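In: Have a look at this fold, sequence not included:
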């Protein structure tokens, strides 16, 4: 490890916040950009995948809520993409560079294997199947997103921490809206069967978004102060939160 990087890690450990233009070492810059790109790509892909289901909402209020979630995801992507401009990213060209609504066959299970192309989380490669499926997904993935973003809210890169502090409350709201939508879906159907089927499908795929326990990127995030906690700890929190949500709805999460 070069002296510049060792000095940077020591400064971060002492609580220093970094800003653009301060001569970021290559290692830190690479992991920071990767973290931001994964988030922005996931928001773009998530919005594009949910957009067709706005008009499948069972009522006007549900369609308004769905449109709000889609719009906010695009706003979040824009906020973080703008942070990438000092690193040479042209946001306008970037948004046109991938097919954000592209999906794989629903029966495929990627686990934690990475796909080529854009850097979306694997869960956004799977298609939604109807309104009830979408609200269950929003409940599960909204919680996972909020837990992971809470780490970035206090990260060592000040511009990112500031934007995540604005984004995080809305992502937490998306989780609550997903749970409320799931509750309504169960009430409307008069059975938990459909929602339980969706939980069984999405739970392991959302779980995989926390990555491998032994991950080189996760270790670097901790070293550079981009996150405070490891994958296993965040995953444990998510499992507790989702078990509680499922219990409130009369559902169960896979073992």
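Out: Perfect, thanks for sending it. This structure is a prediction, so every number in the text was calculated from the model and none was measured. Numbers count the residues shown, from 1 in each chain.
In: Verify the contact between residue 202 and residue 138 for me.
Out: No: Residue 202 is beyond contact range of residue 138, at 9.7 Å (criterion: Cβ atoms under 8 Å). Glycine gets a C-beta too; all of them are placed from N, C-alpha and C.
In: between these two, which one's more packed in?
Out: residue 138 (27 against 21; other Cβ atoms under 10 Å).
In: To what extent is the closest residue to the more buried one other than its chain neighbours buried, counted in neighbours?
Out: In this structure, residue 138 finds its nearest non-sequential neighbour in residue 178, 3.2 Å apart by Cβ to Cβ, 6 or more residues apart in numbering. By the measure other Cβ under 10 Å, the count of residues near residue 178 is 23.
In: what do you get for residue 20?
Out: Using other Cβ under 10 Å as the criterion, residue 20 is surrounded by 14 other residues.
In: which ones are touching it?
Out: Applying Cβ atoms under 8 Å, 6 or more residues apart in numbering, we find residue 20 in contact with 83, 86, 159.
In: One more: residue 245?
Out: Here residue 245 is in contact with 139, 143, 179 (Cβ under 8 Å, 6+ apart).
In: Then residue 34?
Out: 119, 217.
In: which element is the residue nearest to residue 138 on?
Out: For residue 178, the host element (DSSP states H and E) is helix 158-189.
In: For the contacts of residue 245, pick the one with the most neighbours.
Out: The most crowded member of the contacts of residue 245, judged by other Cβ under 10 Å, is residue 139 (29 neighbours).
In: How about that residue: what's its closest non-neighbour residue?
Out: Using Cβ to Cβ, 6+ apart, the closest residue to residue 139 is residue 178 (3.2 Å).
In: What's the separation between the one you found and residue 232?
Out: According to Cβ to Cβ, to the nearest Å, residue 178 and residue 232 sit 24 Å apart.
In: coming back round to it: could the contacts of residue 20 go into a markdown table alongside neighbour count?
Out: Converted to a markdown table, those look like this (neighbours: other Cβ atoms under 10 Å):
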| residue | neighbour count |
| --- | --- |
| 83 | 20 |
| 86 | 11 |
| 159 | 18 |
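In: Sort these by pLDDT and name the bottom one.
Out: Least confident entry in those, by pLDDT: residue 86, with 92.
In: Surely that one forms part of a helix?
Out: Yes: counting by DSSP: H, G, I helix; E, B strand; the rest coil, residue 86 is found in a helix.
In: how near is it to residue 159?
Out: Taking Cβ to Cβ, one finds residue 86 at 9 Å from residue 159.
In: Now do the helices in the protein.
Out: 3-13, 26-50, 60-83, 91-95, 131-152, 158-189, 193-207, 216-223, 231-249 (DSSP state H).
In: Rounded mean pLDDT for the last one, please.
Out: To tie it back to what came earlier, the one meant is helix 231-249. 97.
In: Report the angle between it and helix 193-207.
Out: 170 degrees (axes from the mean of the first three to the mean of the last three Cα atoms, to 10 degrees).
In: Just to check, the residue nearest to residue 139 is in contact with residue 132?
Out: No: with contact defined as Cβ under 8 Å, residue 178 does not count as touching residue 132 (11.2 Å).
In: Show the model's pLDDT score for residue 133.
Out: So residue 133 comes in at 97 (pLDDT).
In: State the number of residues packed around it.
Out: With other Cβ under 10 Å as criterion, residue 133 counts 20.
In: Contacts only, for the closest residue in space to it that isn't next to it in sequence.
Out: Spatially, and ignoring its direct neighbours in sequence, residue 133 is nearest to residue 198 (4.7 Å; Cβ to Cβ, 6+ apart). Each residue near residue 198 by Cβ under 8 Å, 6+ apart is listed here: 132, 133, 136, 137.
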